[in-house]
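Peer 1: Build me a structure from this.
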Amino acid sequence: MQESTENAEKDYYRESVRLYYYNCILHQHLEKIQSERNELRARLTKFQQIEEQDSEMYIEDKRKRSRRSANEIARSHICIVTTCGKSYGSEGSLMQHMKIKHGISTPDQFQQSSS
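Peer 2: Predicted structure coming up:
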């Protein structure tokens, strides 16, 4: 009976030592995970700051463009219809005017219709 009690005590002691070592290993693992978590938090904060800066720059880029006023535009493209006399700042604007107001899509059509 005394021998079985000694064996039980040895088993209890072995089990407590085994659990102590497992506890130490788990504690080390937990510390490693916590340090990784803190490192990831720091990196996330850094990326969020960069993202905020980028979004502020994007907002600045998206501001409304200022347009030239009508008196600032050099009107060098003049309508070829003699009775019209309108002038435009770009060839595209002149062509749009001729198409809408006079029904002419190309200068060749004007020459054909006037002859």
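Peer 1: What's the biggest helix in this structure, counting residues?
Peer 2: Using DSSP state H, we find that the single longest helix of the chain is helix 2-61.
Peer 1: Run through the protein and note the low-pLDDT ranges.
Peer 2: 1-3, 58-64, 107-115 (pLDDT under 70).
Peer 1: Can you identify the element that follows the longest helix of the chain toward the C-terminus?
Peer 2: strand 77-78 (DSSP states H and E).
Peer 1: now for the following helix or strand past that next one, which elements pack on it?
Peer 2: Next along the chain after strand 77-78, taking DSSP H and E as the criterion, comes strand 87-88. Strand 87-88 sits against strand 77-78, helix 91-102, with contacts defined as 3 or more C-beta pairs under 8 Å, 6 or more residues apart in numbering; DSSP states H and E. (Glycine included, C-beta is placed from N, CA and C.)
Peer 1: neighbouring strands for strand 87-88, and are they parallel or not?
Peer 2: strand 77-78 (antiparallel) (DSSP bridges).
Peer 1: returning to that earlier point: so which of the helices and strands packed on strand 87-88 comes closest to residue 65?
Peer 2: helix 91-102 (17.8 Å; C-beta to C-beta).
Peer 1: Show me what the closest one is packed against.
Peer 2: strand 77-78, strand 87-88.
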